[in-house]
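Enquirer: predicted structure and sequence below. I'll ask about it afterward.
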Amino acid sequence: MLSRIVRWLLVPVSAAAVVALAIAGSRWAVSLADRHCPIDRMVGGACVEPWHTGVVEAAIYVAIAAGALGLALLPAMVAPNLKRTVAVAGCLLAVGAVLTLYLSTSWRVLLLPLLLAAAGSGLGVWWIWSRRTTE
């Protein structure tokens, strides 16, 4: 009984850990790209190399997809039961956060992150639902 309570308490902790890891990973990738920028190509603390923007965008997109996948997977794997429900809740959380940002700003540039969040979390939900579990 105690282990079930602990596992349920770890569900939101695991979701927060996924978000923290996604943010930390993308920040690490951006700082790595910044370190590889020649000092004479830095203007106002920002790199103006043509490849830099693509690397930063790729880091953001990978973090969004991995974070959305993790929000659907990790809490569902930690939960002692109702795994499918937890996976769907993680999916709704991931997609809902990006969708709210997209709808509140109406920036078309946020459409790709929205699609990546939907694809990543959808993959996580699919994986949890495809597992044969009685829990």
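Expert: Received, thanks.

Enquirer: please count neighbours and contacts with C-alpha atoms only from this point.
Expert: Fine.

Enquirer: could you pull up the residues touching the closest residue to Val86 other than its chain neighbours?
Expert: Leaving aside its sequence neighbours, Val86 sits nearest to Ala76 (C-alpha to C-alpha, 6 or more residues apart in numbering; 5.1 Å). Contacts for Ala76 were tallied using C-alpha atoms under 8 Å, 6 or more residues apart in numbering; they are Val11, Leu82, Lys83, Arg84, Thr85, Val86, Ala87, Ile128.

Enquirer: possible to save the residues you listed as TSV with pLDDT?
Expert: Putting the contacts of Ala76 into TSV (pLDDT from 0 to 100) gives the following:
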residue	pLDDT
Val11	95
Leu82	90
Lys83	91
Arg84	92
Thr85	93
Val86	94
Ala87	93
Ile128	90
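
Enquirer: where does the most centrally placed residue in the chain sit, in terms of helix or strand?
Expert: For the chain, the residue sitting closest to the mean C-alpha position, by C-alpha atoms, centre = their mean, is Gly67 at 1.5 Å. Gly67 is located in helix 50-78, with elements delineated by DSSP states H and E.

Enquirer: over to Gly122?
Expert: helix 111-130.

Enquirer: neighbours of the residue lying closest to Val11 once chain neighbours are set aside, how many?
Expert: Nearest residue to Val11, sequence neighbours excluded (C-alpha to C-alpha, 6+ apart): Pro75, at 4.8 Å. For Pro75, the neighbour count with other C-alpha atoms under 10 Å is 26.

Enquirer: from Gly67, how far out is Pro75?
Expert: 12 Å (C-alpha to C-alpha, to the nearest Å).

Enquirer: ok, Val11 next?
Expert: 15 Å.

Enquirer: and the helix ranked longest in the chain with helix 50-78, angle?
Expert: Counting by DSSP state H, the longest helix found in the chain is helix 2-35. On the basis of axes from the mean of the first three to the mean of the last three C-alpha atoms, to 10 degrees, helix 2-35 is oriented at 180 degrees to helix 50-78.
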